[in-house]
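Visitor: Please work out how this folds:
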Amino acid sequence: MAVVEKALTGNISRVSLTGVINASAGLTGNLDMGKKSSANDYNTLVNKPKINGVVLNSDRSFEELGVHTLTNDEILEILTEAGL
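Guide: Below is the predicted model of the structure:
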């Protein structure tokens, strides 16, 4: 009986699998877990959250995030228009 090698590639629970599995009397193979990152280190995260396209990787001001800060006069005007 000839041994047939099949390549295995896929994802299981966010872990990348690559390698070759050989089956004769049993299964053997290599599992490459890939690059590890700690969920406890925000700086190593991929796809960090953004506001208006600005990555939240440090303290950001409203201006840096493209958010307009309301003045007291603007707040009073909004409340007056709302009848409050």
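Visitor: and Asp73, what element?
Guide: Assessed by DSSP states H and E, Asp73 sits inside helix 72-81.
Visitor: mind saving the C-alpha coords of that helix as CSV?
Guide: Below are the C-alpha coordinates for helix 72-81, written out as CSV (Å, rounded to 0.1, in the frame of the first residue of the first chain):
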residue,chain,number,x,y,z
ASN,A,72,-21.0,76.2,26.5
ASP,A,73,-22.8,78.6,24.2
GLU,A,74,-23.4,75.8,21.6
ILE,A,75,-24.7,73.5,24.4
LEU,A,76,-27.0,76.2,25.7
GLU,A,77,-28.3,76.9,22.1
ILE,A,78,-29.1,73.2,21.6
LEU,A,79,-30.9,73.0,24.9
THR,A,80,-32.9,76.2,24.2
GLU,A,81,-33.9,74.9,20.7
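Visitor: what about that helix, average pLDDT?
Guide: The pLDDT scores in helix 72-81 average 94.
Visitor: Domain map for the protein?
Guide: What the record gives for the chain is the domain set 1-34, 43-84, from automatic domain parsing.
Visitor: May I have the phi/psi pair for Ser61?
Guide: Main-chain dihedrals, Ser61, degrees, to the nearest 10: phi -90, psi 160.
Visitor: Start the count at 6 instead of 1 going forward.
Guide: OK, 6 is where the count begins now, so the last one is Ser66.
Visitor: So it versus Ile56, what's the distance?
Guide: Shown here: Ser66 relative to Ile56, a distance of 11 Å by Cβ to Cβ, to the nearest Å. In this view, the C-beta of every residue, glycine as well, is placed from N, C-alpha and C.
Visitor: try Asn45
Guide: As defined by Cβ to Cβ, Asn45 lies at a distance of 23 Å from Ile56.
Visitor: Which residue of those two possesses the greater neighbour count?
Guide: With other Cβ atoms under 10 Å as the criterion, Asn45 and Ile56 differ in neighbour count, and Ile56 comes out ahead with 13 against 6.
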